[in-house]
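Q: Build the 3D model from these lines:
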Amino acid sequence: MQWYFVAALLTVLTSSQLAVSSLLLWKECKKSPLPKMTTEWKTVSLFPIPSVIYLIHNNVQFATLTYVDTSTYQILGNLKIVTTGILFRLFLGRRLSNLQWMAIVLLAVGTTTSQVRGCGEASCDSIFSAPIQGYMLGVLSACLSALAGIYTEFLMKKNNDSLYWQNIQLYTFGTFFNMARLLADDFRGGFENGPWWQRIFNGYTITTWMVVLNLGSTGLLVSWLMKHADNIVKVYSTSMAMLLTMILSLFLFNFKPTLQLFLGIIICMMSLHMYFAPPNLLLDKPLTVKLDEEKLIEVSIDRRTLS
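A: Numbers count the residues shown, from 1 in each chain. Below you'll find the predicted structure:
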């Protein structure tokens, strides 16, 4: 039953993003000049690949949760920060400075620190008591998440096609694969509860639709980041959003802050500054070097005066 709900929710989410992207593309086509839309099969055939990767990733996520608890799962999920940086370098050929690599590692350390529970809690030892399968699946999930993001960025920047046209291709294949999964589950269960399209909206409330709208909008914003920024910016955005959620929980849900949370926020802010700040703001020249430069300037001025 759990698989039915998850697959149905994924189908609704990708369908909502597909509908919004289609509407925005229609509005864009009414303007002049017309947006660029590549329809060659050689290009279109590349878009099912991230859908397959995300489908495998979603299944690996649930398999990981059968071996580890939610806290360990969240901590293992932070590995995607580092794996994104590695794949960013290997597949997209984007070079990062040593300071930027240090910043990425610091971000992973900061988000992990903020999620570590205190030793006074009952599940303090749960992080180190999970079976090896859980850790292996957690690493695989982080690699798949990073791979899907890197490949999506590659597709978005491959040509100058309209962002909305690229979204339509992504979400069309995503919807197709999710519907295929639902249909396969129906056949496996002998259609005991009827076909999936008859119960896809069962239990939906206003809150559910708000969640769908929120996640659908998030997906569209992520695709915009992939087109005009990169995966590292997305990683920082999602990590900072997680920390912001924790801070808002202090006021909305009487969440009790921990020392780990404060340390994690400080480390993440240091990482943010290290990655995006210009190098001249991070590295100050030694005072002796500055004095030597000033002396050279004075000597050159004196020579010009004498000549």
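
Q: Show me which residues of stretch 74-92 are buried.
A: 74-85, 87-88 (16 or more other C-beta atoms under 10 Å). Every C-beta, even on glycine, is put in place using the N, C-alpha and C of the backbone.

Q: cool, stretch 246-258 as well?
A: 246, 258.

Q: for stretch 54-74, same thing?
A: Quick answer for stretch 54-74 (16+ other C-beta under 10 Å): 54-55, 57-58, 60-61, 64-65, 67-68, 71-74.

Q: Next, Leu34: secondary structure please.
A: coil (DSSP: H, G, I helix; E, B strand; the rest coil).

Q: nope, Gly219 is what I was after
A: Applying three-state DSSP: Gly219 is helix.

Q: State the number of residues packed around it.
A: 20 (other C-beta atoms under 10 Å).

Q: Report pLDDT for Val78.
A: Quick fix: residue 78 reads Asn, not Val. Note for Asn78: predicted pLDDT of 87.

Q: right, and it touches Ala108 too?
A: Yes - between Asn78 and Ala108 there is a contact under C-beta atoms under 8 Å: 5.0 Å.

Q: any chance you could map the helices in this structure?
A: Per DSSP state H, the chain carries helices over the ranges 2-29, 41-44, 48-65, 70-77, 79-92, 98-115, 132-158, 163-188, 206-228, 231-252, 259-276, 279-282, 287-306.

Q: Among those, show the one with the smallest mean pLDDT.
A: Taking the mean pLDDT of the helices of the chain, helix 287-306 comes last: a mean of 53.

Q: quick revisit: can you name the two of the buried residues of stretch 54-74 that are farthest apart?
A: Farthest-apart pair in the buried residues of stretch 54-74 is Leu55 and Ser71; separation 26.0 Å (C-beta to C-beta).

Q: you'd agree Leu140 is up against Ala63?
A: No - assessed by C-beta under 8 Å, Leu140 is found out of contact with Ala63, at 9.0 Å.

Q: Please state the offset of stretch 145-156 from the chain centre?
A: Its chain's C-alpha centre and that of stretch 145-156 lie 10 Å apart, by C-alpha atoms, centre = their mean, to the nearest Å.

Q: Can you dump the C-alpha atoms of that stretch in CSV for me?
A: Extracted in CSV, the C-alpha atoms of stretch 145-156 (Å, rounded to 0.1, in the frame of the first residue of the first chain):
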residue,chain,number,x,y,z
SER,A,145,20.9,11.8,-6.4
ALA,A,146,24.1,13.6,-7.4
LEU,A,147,24.2,11.8,-10.8
ALA,A,148,20.6,12.7,-11.6
GLY,A,149,21.3,16.4,-10.7
ILE,A,150,24.5,16.6,-12.7
TYR,A,151,22.9,14.9,-15.8
THR,A,152,19.9,17.2,-15.6
GLU,A,153,22.2,20.2,-15.6
PHE,A,154,24.0,18.8,-18.6
LEU,A,155,20.7,18.5,-20.5
MET,A,156,19.6,22.0,-19.5
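
Q: Could you pull up the residues touching Lys227?
A: Taking C-beta atoms under 8 Å, 6 or more residues apart in numbering, we find Lys227 in contact with 156-157, 163, 166.

Q: Asp230 contacts Phe88, doesn't it?
A: Yes - counting by C-beta under 8 Å, Phe88 is a contact partner of Asp230 at 7.2 Å.

Q: Touching both of those two, which residues are there?
A: Common neighbours of Asp230 and Phe88 (C-beta under 8 Å, 6+ apart) are Arg94.

Q: Report the spatially closest residue to Val109, excluding sequence-adjacent ones.
A: Excluding the flanking residues, the one nearest Val109 by C-beta to C-beta, 6 or more residues apart in numbering is Ile267, at 5.9 Å.

Q: For that neighbour, give me its contacts.
A: Here Ile267 is in contact with 106-107, 109-110, 113 (C-beta under 8 Å, 6+ apart).
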